[in-house]
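Undergrad: Just need the structure, nothing else, for what follows:
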Amino acid sequence: NQSFQRKPRVAKRDLFVQSLMVAKAKEELEQEILVKEEEKQKYLAEKAPPLNTGGFSLAQLQDLCRELHAKIDVVDEERYDIEAKVMLNTREIKDLNIKVLDLRGKFKRPNLRRVRVSADAILRSLLGSKHKVSMDLRANLKSVKKEDTEKKRPVEDSDWRKNVEAMSGMEGRKKMFDAAKGSAQ
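TA: Below you'll find the model as predicted:
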């Protein structure tokens with residue numbers, strides 16, 4: 001029962017503290033708005049004093065307009081310069097953020113699909129036009145002619161039991177069959 005009764009008191013206290021914090025933040029925000037408005041008024045009074053155009057002749061009004069236009073041009077140039085600096089800084093900040101992410105290695109890697117590529121295609125992509133060697137493995141194998149193997153193994157028509165190894169396999173059986181067929185005729 002005691003723990004059950006303590007919880008509402010803690011919640012009430014937290015709510016009270018929270019409401020005090022919100023009230024204090026609201027007061028500070030209002031005060032900050034007033035300070036900014038005062039600074040704005042001071043700046044405008046300093047940079048743009050009120051105009052007294054009463055009693056000016058036409059020539060004096062034209063001179064005043066020329067002065068104001070010159071001041072406007074100066075302000076526009078300053079604004080343009082500041083905007084260019086801001087753009088340059090934001091671009092630099094983006095580049096630095098990208099570099100930081102690259103150094104950390106925490107950029108998201110895309111899911112890669114398996115692609116079947118031949119060895120020739122890989123070499124062509126790596127070496128470009130320098131690639132002239134074919135990677136066809138079957139073409140690079142040494143070709144063996146049947147005539148060469150037959151020359152190495154002399155055919156003996158005598159008793160087959162003398163040379164069992166020479167007569168083993170399909171070639172040996174064929175030779176034996178051909179020998180038997182030749183002697184029968």
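
Undergrad: alpha carbons only for contacts and neighbour counts from here, please
TA: Will do.

Undergrad: What residues sit buried inside stretch 113-131?
TA: Of the residues in stretch 113-131, Leu123 count as buried by neighbour count, 16 or more other C-alpha atoms under 10 Å.

Undergrad: Quick check: mean pLDDT of that stretch?
TA: On average, the pLDDT along stretch 113-131 is 73.

Undergrad: Over to stretch 73-87?
TA: The model assigns stretch 73-87 a mean pLDDT of 95.

Undergrad: pLDDT-wise, which helix or strand of this structure ranks last?
TA: Least confident helix or strand, the chain: helix 146-152 with a mean of 59, by mean pLDDT, DSSP states H and E.

Undergrad: Mind pulling up the pLDDT for Lys181?
TA: pLDDT, Lys181: 69.

Undergrad: and if you look at Val164?
TA: 61.

Undergrad: Check Lys42 too.
TA: 92.

Undergrad: so which helix or strand takes in Phe64?
TA: Rather than Phe, residue 64 is Leu. According to DSSP states H and E, Leu64 maps onto helix 58-104.

Undergrad: typo on my end, Leu15
TA: Here Leu15 is assigned to helix 2-47, by DSSP H and E.

Undergrad: now the angle between helix 58-104 and that helix, please.
TA: When axes from the mean of the first three to the mean of the last three C-alpha atoms, to 10 degrees is applied, the directions of helix 2-47 and helix 58-104 differ by 140 degrees.

Undergrad: helices or strands up against helix 2-47?
TA: Where contact means 3 or more C-alpha pairs under 8 Å, 6 or more residues apart in numbering; DSSP states H and E, helix 2-47 is not packed against any helix or strand.

Undergrad: for stretch 60-68, which positions count as buried?
TA: By neighbour count with 16+ other C-alpha under 10 Å, stretch 60-68 contains no buried residues.

Undergrad: quick one: average pLDDT of that stretch?
TA: On average, the pLDDT along stretch 60-68 is 90.
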